[in-house]
Structures are given as C-alpha cells and as structure tokens.
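Colleague: what's the 3D shape of this:
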Amino acid sequence: MTFEHAGAGALDYLPCQYGTSKLVFRGPGRHLDRDYALFIGGTETYGKFIPRPFPSLVEEMTGIPSINFGCVNAGIDAFAQDATVIARARRARVIVLQVMGAQYVSNCFYSVHPRRNDRFITAHEPLRRLFPSVDFTEFNFIGHVLSALERRSPRRFDLVVRALQKTWSHRMATILHHMARPAVLLWLEEGPDHAHGFVTPAMMSELRPIAAAMIQVRCEEAAAQDNGGMVFTPFEATAAVGLPNAATHLRVAQDLSAVINDLSARGALKR
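Modeller: Down below sits the predicted model:
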C-alpha cells in the first residue's frame, strides 16, 4: 500500500493505493484481509468535499470495517480490468457498487482514459463515419463530446447512446460475476437526461437478479440545497456544485446500513 501527499486542498483525503493498482483511492488505507465491506464507485463514493463520506458512516452504523475504493471521475471501466480491485472484492463480506454513468465506458464508438474515465481519448472509425463533420481533436472530456453530438443530430446521437447502454450493461454484469460476492448496487439519481448517465430503470432491472440488493437514492435535491457539511476552498466552489452534501451522504449511509444489516441477519454476507 502506498500513500500520496494530499497537497494544499481544504480536505486531506489521505489518498492511497493498494497492491499493483494505479488507481488512487480515498484513505486512510486499511490493512484488512477479510471481513470488510468494499465500496467501489466514482466521485460520490470517494466523498469529494465531504469529511465523512457514506462508506465511513456505514462502518459506524453496521460495525463492519469499510474500504473506500471510490475514485474521482471514475466509471466502471476503471475497476473492471483492475486485478487488485477484483482480488479485494473477492475477499469482501459485501460489496457496495455505485452505478456510474454509461458514458464513461470505452465502446465501439470511442475510448476513454483507463483511469480517468471522464477523459475522451479517441473516436473510432464508426463514430467518425456517423459524424463526418465533427473534429474530434477539439475534445478532451466525454461530456463535451456527447453534448456536441446531440446538438449536431439527435437521431444519430441516439445510436451512440444505445451502444453505450449495451456496453455498460455487459461491463456491469461481467464485473459482478468476477467479484463473486454479495453486491449492493447503489444508484444515485442526480436528475434528468445526461445526469442519469444514460442508465435506465430497465437496465437496472436486468442486473437485479445478479445483485444481492439494489438501492435507489434521488439526489437532485442536493444541487438545490446549500452545501452544508461540505469543505472546500473558494477555488473549489464551482467543482462542489451538484455533488451530494453531508445530509445526502447520511441518507445514503442510513439506507445502505439498513440493507446490509438485513443481509447479515439473513446470513447472506460472506465470511
């Protein structure tokens, strides 16, 4: 396990790495071999700007030690091919897997950065043929690419969305199979359209049979609330907009703890 200098930010996230993984997770690092809950997810699971994110709160509420494998700007691709993540997952009592956006997966139309999945790497030939007038060298982020494509042609853009959804569904089913432990899917709904990450209730229903449980928390209210309990510098204020505040993290932790305690009472957790 290695640790990184936190820098001059308002919060010290105690960033750390495990094993051979190149991913940087939120600390503190935990030396646990088994009997832990593993939280896998993106910026929300990491708890950006939150002193005590929901993985830490769940540990307090359930008594099960937690390891936070939240990673800023990650999608499912960041974890699906990471041997350290899969190995840790296979030793966990329970896994909480955040539902991350379908736009952050490499697919037949484009590739994303292997760790910073919000970063656009390259457009593949099918996408160039579908949008021949678009100069893809102008883009660095997936969100900008997709917004531009939708403005150019909603009809052709829908073909891209369908490919993202198909790839995402396959990737999610694959990682759940590889982890081979009870997994709670955490779907943080943040609002309409792209904020959902193109994940639909039908896609979630397809995963339900291979998950131990599924929790859906509506977070769109957090964007309209004040940033109570969040810690950031003036320079970070824009980045904090729309992220779950401390009250939302508490609500997520309460819902997760209830489900995990129920699974434990029914003998569904691994040891």
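
Colleague: Where do the helices of the stretch 101-250 of the chain begin and end?
Modeller: With DSSP state H, counting those that start in this stretch, the ranges of helices along the stretch 101-250 of the chain come out as 125-130, 142-152, 154-179, 201-207, 220-224, 237-240, 246-265.

Colleague: low pLDDT regions in the protein?
Modeller: Counting by pLDDT under 70, the chain has low-confidence residues at 1-9, 190-196, 220-226.

Colleague: which residue ranges form the strands in it?
Modeller: 2-3, 16-17, 37-41, 66-70, 94-98, 110-112, 120-123, 183-189, 213-218 (DSSP state E).

Colleague: List the buried residues for stretch 159-171?
Modeller: Burial within stretch 159-171, assessed by neighbour count using 16 or more other Cβ atoms under 10 Å, is assigned to 160-161, 163-165, 167-169, 171. Where you see a C-beta, it was placed from the backbone N, CA and C, and this is true even at glycine.

Colleague: Distance to residue 37 for the residues you listed - can I get that in CSV?
Modeller: CSV is the format used below for the buried residues of stretch 159-171 (distance: Cβ to Cβ, whole Å):
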residue, distance to residue 37
160, 36
161, 33
163, 33
164, 29
165, 29
167, 28
168, 24
169, 25
171, 22
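
Colleague: quick one: which of these is nearest to residue 134?
Modeller: Proximity to residue 134 was ranked across the buried residues of stretch 159-171 by Cβ to Cβ; first place goes to residue 160, at 11.5 Å.

Colleague: which one is that closest one nearest to, not counting chain neighbours?
Modeller: Of all residues not flanking residue 160 in the chain, residue 109 sits nearest, at 5.4 Å (Cβ to Cβ, 6 or more residues apart in numbering).

Colleague: List just the nearest of the buried residues of stretch 159-171 to residue 115.
Modeller: Of all the buried residues of stretch 159-171, residue 115 sits closest to residue 171, with 15.3 Å by Cβ to Cβ.

Colleague: check contacts around that closest one.
Modeller: 76-77, 80, 105 (Cβ atoms under 8 Å, 6 or more residues apart in numbering).

Colleague: Residue 119 now?
Modeller: Applying Cβ under 8 Å, 6+ apart, the residues near residue 119 are 73, 112-113, 140-142.

Colleague: so who does the residue nearest to residue 160 touch?
Modeller: When contacts are counted by Cβ under 8 Å, 6+ apart, residue 109 is found next to 123-124, 126-127, 130, 160, 163-164.

Colleague: tally of neighbours for residue 135?
Modeller: 9 (other Cβ atoms under 10 Å).

Colleague: now swap in residue 262 and tell me
Modeller: Applying other Cβ under 10 Å, we find 11 residues neighbouring residue 262.
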